[in-house]
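S.K.: Here is a sequence with its predicted model. Questions after.
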Amino acid sequence: MKPKDNFMLVKNQRIENNRRLSAKAKRRLEKSKADNTLKAYSSDWSDFSDWCRHHGERDLPTAPETIVNYINDLADDAKANTVSRRITAISENHIAAGYGGKNNPAKDGIVRAAMAAIRREKGTFQRGKSPILMETLYLLADCFEDSDLVSLRDKALIFLGFAGAFRRSELVRIQFEELTFTPQGLMIFVPQSKGDQFGRGSTIAIPYAPDEEICAVRALKAWLDASQIHAGPIFRPFTKAHSLRATQLSDKSVALVVKKYAKMAGLDEKQFAGHSLRRGFATSAAQHDVDALSIMRQTRHKSEKMVHRYIEQGNIFKENPLNRMYGK
């Protein structure tokens, strides 16, 4: 989607026309937010801008009442979290245009009150995809063929995605040069991720699994040996002629791979996605009484809020009061 002319988070005219800023400084300022964040904000702003044009309202700067009317129309079909994200996009674009602080209409009390009313009415529960749990890995393990290159790649992708609690984008960006095999297992350096916007980087440790059947380290070694990859991205697409490309796999392909093997294992593939691997690790860890801090160290979550959701889901049966009533 091409950004609107008044989407100030890209090609900000205030920055472009500032003669006191060097060209290098201007280029860096354009990278103040992650590309995926900018794409999401651009789409959200475009929707708001189109609504304003249809209703004869001004979008930049806009009025608090305009935002309230917009989100009430939006709330007829959208979830509360979607509405909240749209407000954030409107706010960020106004800040980029120079309307910060008290001049930001998205921060007005009437907008906060309207959002609170929408949350009370619609709730904020999000139904996510089903997790790939530890026991699910055993079901998937029966679906892989050691003599098939695609199967070897997919096995390494799924097992490593689970063991490292990787986001889809992180998983497909892993480079051979970022791998370090040790007697204990594997270390993977992650240069930058969603929770690490300043690129400090982190190292993920993945030990050998006692059960070879679900071992991510052995699966990755088998894939690298068979593919003869010695540099660049470790997960790559195939051509129609079944030869390996030099480019990295797309992050959307992770979901397709997960769905493919979920279906082969007799599961409902519609219930699974790329995030099922990361979510599955956190939920399984909670089921095995791993503490929140240890889970966060592997998932690289900065907030405990989401991790505690996984812990609650993982313990929903374990800590159920009916177990005592049943004498378990």
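M.R.: Happy to help now that I have it.
S.K.: Now for the nearest residue to N6 once chain neighbours are set aside: which residues touch it?
M.R.: Take N6 and drop its neighbours on the chain: the residue closest to it by C-beta to C-beta, 6 or more residues apart in numbering is L60, 4.8 Å away. Bear in mind the C-beta positions are built from the backbone N, C-alpha and C, glycine included. By C-beta atoms under 8 Å, 6 or more residues apart in numbering, L60 lies in contact with N6, M8, S49, N93, H94, A97.
S.K.: Go again with 10 Å.
M.R.: With contacts defined as C-beta atoms under 10 Å, 6 or more residues apart in numbering, the neighbours of L60 are 4-8, 45, 48-49, 52, 90, 93-94, 96-97, 99, 105.
S.K.: go on, S294?
M.R.: Contact partners of S294, counting by C-beta under 10 Å, 6+ apart, are A285.
S.K.: All further residue positions should be reported with the first residue as 875.
M.R.: Okay, using 875 as the starting number, the last item reads as S1168.
S.K.: That one: what secondary structure?
M.R.: For S1168, the reduced secondary structure class is helix; criterion used: DSSP: H, G, I helix; E, B strand; the rest coil.
S.K.: What's the separation between the residue nearest to N880 and W919?
M.R.: If you measure L934 against W919 using C-beta to C-beta, to the nearest Å, the figure is 9 Å.
S.K.: ditto for F1109
M.R.: Distance, F1109 to W919, by C-beta to C-beta: 33 Å.
S.K.: try Q1161
M.R.: In terms of C-beta to C-beta, Q1161 sits 41 Å off from W919.
S.K.: cool, C1017 as well?
M.R.: Using C-beta to C-beta, one gets 43 Å for the distance from C1017 to W919.
S.K.: Give me the more crowded residue out of the two.
M.R.: Summary of the neighbour comparison: C1017 and W919, criterion other C-beta atoms under 10 Å, with W919 having more neighbours (23 against 17).
S.K.: Now do the contacts for the more buried one.
M.R.: For W919, the residues meeting the contact criterion (C-beta under 10 Å, 6+ apart) are 877-878, 880-883, 933-934, 960, 963-964, 966-967.
S.K.: Dump the residues you listed into JSON lines; add secondary structure and pLDDT as well.
M.R.: Conversion of the contacts of W919 to JSON lines gives the following (DSSP: H, G, I helix; E, B strand; the rest coil; pLDDT from 0 to 100):
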{"residue": "P877", "secondary structure": "coil", "pLDDT": "57"}
{"residue": "K878", "secondary structure": "coil", "pLDDT": "66"}
{"residue": "N880", "secondary structure": "coil", "pLDDT": "84"}
{"residue": "F881", "secondary structure": "coil", "pLDDT": "87"}
{"residue": "M882", "secondary structure": "coil", "pLDDT": "80"}
{"residue": "L883", "secondary structure": "coil", "pLDDT": "78"}
{"residue": "D933", "secondary structure": "coil", "pLDDT": "95"}
{"residue": "L934", "secondary structure": "coil", "pLDDT": "93"}
{"residue": "R960", "secondary structure": "helix", "pLDDT": "95"}
{"residue": "A963", "secondary structure": "helix", "pLDDT": "93"}
{"residue": "I964", "secondary structure": "helix", "pLDDT": "96"}
{"residue": "E966", "secondary structure": "helix", "pLDDT": "91"}
{"residue": "N967", "secondary structure": "helix", "pLDDT": "92"}
